[in-house]
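Engineer: when you get a sec, could you give me coordinates for this:
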Amino acid sequence: MMSMRIAAGGILTGLLILNACGQQNATGGPRQSGPPEVAVVTMQTQRLVITTELTGRTAAKRVAEVRPQVSGIIQKRLFTEGADVKVGQALYQIDPAPFHAALDNATAALSRAEANLPAIRSRTDRLRELLVDNAVSEQAYDDAAAALKQAEADIQYGKATVETARINLGYTAITAPISGRIGRSNITEGALVAAYQPLPLATIQQLDPIYVDVPQATTEVLRLRRRAEEGGFRRNGEIRNKVRLLLEDNSPYPWEGALQFRDVTVDPTTGSVMLRVVFPNPHSVLLPGMFARAVVEEGVNHKALLIPQQAVSRDHKGNPFTLIVDAAGKVQQRMLTLDRAIGDVWLVSSGLAPGERVIVEGMQKVQPGASVKVVPFEAGSEKKCGERKNMILPPAKAN
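Structural biologist: From the prediction side, this is the model:
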């Protein structure tokens, strides 16, 4: 009988606790007499680094497509696919035998022309002397002089032919035009290649440094230009153009990049311009075509006002506003101009002044003009009665 009374008393106590919680939740808090209580934060200016995150892709700084400059049969491939190559390094060898023969032929023709020149020059000189004494006709002298010029022209032509043959022979060794990483080979030994063919033999890309190209809306470009004119890009008197990078797995890239240039043409389909950022890439972490997010540092706002997002509401037109408590303890409405969201706060462009007290909790209980009781807002300090609701009373022990 005694145990039943203890159990009944425990149940009654639990019901009273639950009923108290229900009344507290129904009214939004403990019953109070007097003005409602609101939690506020006092607006204070602070230093804030303004950044913009833009998405883009990486691109090699230099790209060279290796093509043959003479036609022939590939004898050897002299590189390893995917390896780093240096400028001037031999990549392919075309069969040089026909080009050696062409050079020898051109050299022989030049020697023949040079061998005929002394005899033709001597004959012309003799005819010039005889022409003074009228011992020969002018026509004979003119023919000899023309033959001399022809022989001299043949020598010049022969020299050009020899030089062309020598150049073509040099082109049989296909070398790297730039330093970088070479990709896969599109041909094998024994393949026939043609001079300046459309299909490249291989492609070399310079990866250090590497470009990151990001599109930026023209509206952002105009806004950043205004900030630059106002000195927003300057820090300690120096212009900042450093850019940080976030990789595809959201990990930060360890090196900072530099904003190199902004394109001068607007893409009519997207209404954006292209920004090019240069990043060091000593370990080849970045590869061409990778997706990345560039964090561009716009400047530093030394008088930034940040307001918690939960303190901002919107009217029926979507315009943001907040409620403040004035010096008389009354609620006032402030229309806001918001710049951007930064984490769980808004950067306020206009509408608030330092020192004003913004209501963060309790906005639903008050109206503009009402008197309120102010308490400081402490994030994460709110007690939840639901935790008490879930409490289970231990059963009474039977005697």
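Engineer: domain parsing for this structure?
Structural biologist: Following automatic domain parsing, one finds the domains of the chain at 50-61+211-302, 65-203.
Engineer: ranking the ones you listed by mean pLDDT, which is last?
Structural biologist: Across the domains of the chain, domain 50-61+211-302 has the smallest mean pLDDT, namely a mean of 80.
Engineer: figure out how far it is from the centre of its chain.
Structural biologist: For domain 50-61+211-302, the separation from the chain centroid amounts to 6 Å (computed by CA atoms, centre = their mean, to the nearest Å).
Engineer: over to stretch 51-66?
Structural biologist: 6 Å.
Engineer: next one: stretch 165-184
Structural biologist: Using CA atoms, centre = their mean, the offset of stretch 165-184 from its chain centre is 32 Å.
Engineer: and what of stretch 118-130?
Structural biologist: 75 Å.
Engineer: number the residues from 5 up from this point.
Structural biologist: Okay, residue one is now 5; in that scheme the one you just asked about reads as stretch 122-134.
Engineer: which residues touch that stretch?
Structural biologist: For stretch 122-134, contacts defined as CB atoms under 8 Å, 6 or more residues apart in numbering pick out Val140, Ala144, Tyr145, Ala148, Ala149, Ala151, Leu152, Ala155. Yep, even glycine has a C-beta here, placed from its N, CA and C like the rest.
Engineer: buried members of those into PyMOL, please.
Structural biologist: Per 16 or more other CB atoms under 10 Å, the buried members of the contacts of stretch 122-134 correspond to this PyMOL selection:
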select buried, resi 140+145+148+151+152+155
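Engineer: let me know the closest of the contacts of stretch 122-134 to Ala117.
Structural biologist: Ala155 (6.5 Å; CB to CB).
Engineer: which non-adjacent residue is nearest Arg66?
Structural biologist: Nearest residue to Arg66, sequence neighbours excluded (CB to CB, 6 or more residues apart in numbering): Gln210, at 4.0 Å.
Engineer: what is the neighbour count of that neighbour?
Structural biologist: 18 (other CB atoms under 10 Å).
Engineer: got it, and Pro213?
Structural biologist: Using other CB under 10 Å, Pro213 has 18 neighbouring residues.
Engineer: give the contact list for it.
Structural biologist: Contacts of Pro213 (CB under 8 Å, 6+ apart): Lys65, Val282, Phe283, Pro284, Asn285.
Engineer: of the residues you listed, which belong to strands?
Structural biologist: Using DSSP state E, the members of the contacts of Pro213 that fall in strands are Lys65, Val282, Phe283.
Engineer: quick one: which of these is most hemmed in?
Structural biologist: Phe283 (23 neighbours).
Engineer: mind checking how far that one is from Val216?
Structural biologist: 6 Å (CB to CB, to the nearest Å).
Engineer: any common contacting residues for these two?
Structural biologist: Val247, Leu249, Gly261, Leu290.
Engineer: on that earlier part again, looking at the ones in strands among the contacts of Pro213, which is nearest Gly92?
Structural biologist: Lys65 (18.7 Å).
Engineer: how about the closest one, what does it touch?
Structural biologist: Gln210, Leu211, Pro213, Ile214, Tyr215, Val282.
Engineer: Val316 too?
Structural biologist: Here Val316 is in contact with Pro324, Phe325, Thr326, Leu340, Leu342, Trp350 (CB under 8 Å, 6+ apart).
Engineer: ok, of the residues you listed, which come out buried?
Structural biologist: Pro324, Thr326, Leu340, Leu342, Trp350.
Engineer: which ones are touching the first one?
Structural biologist: To tie it back to what came earlier, the one meant is Pro324. Val316, Ser317, Arg318, Met339, Leu340, Thr341, Leu342, Trp350.
Engineer: mind doing that once more with 6 Å?
Structural biologist: Residues near Pro324 by CB atoms under 6 Å, 6 or more residues apart in numbering: Val316, Arg318, Leu340, Leu342.
Engineer: what bridges to it?
Structural biologist: Beta bridges link Pro324 to Arg318 when assigned by DSSP bridges.
Engineer: relative to Arg338, how far out is it?
Structural biologist: From Pro324 to Arg338 the distance is 10 Å (CB to CB).
Engineer: the protein: helices as residue ranges?
Structural biologist: For the chain, the helices defined by DSSP state H occupy 6-31, 101-136, 142-174, 222-233, 390-393.
Engineer: give me the beta-bridge partners of the nearest residue to Thr269 once chain neighbours are set aside?
Structural biologist: Nearest non-adjacent residue to Thr269, counting by CB to CB, 6+ apart: Val277, 7.1 Å away. Beta-bridge partners for Val277, by DSSP bridges, are Gln220.
Engineer: next, count neighbours for Val277.
Structural biologist: Around Val277 there are 18 residues (other CB under 10 Å).
Engineer: got a list of what it touches?
Structural biologist: Gln220, Val225, Arg266, Asp267, Val270.
Engineer: next, count neighbours for the last one.
Structural biologist: As a burial measure, Val270 scores 14 neighbours (other CB under 10 Å).
Engineer: then the second one?
Structural biologist: A total of 15 residues lie near Val225 under the criterion other CB under 10 Å.
Engineer: nearest residue to it in space, ignoring adjacent ones along the chain?
Structural biologist: Nearest to Val225 is Val277, by CB to CB, 6+ apart, at 6.0 Å.
Engineer: before we move on, what about the third one?
Structural biologist: Using CB to CB, 6+ apart and skipping residues adjacent in sequence, the residue nearest Arg266 is Leu279, 5.4 Å away.
Engineer: much appreciated, bye for now.
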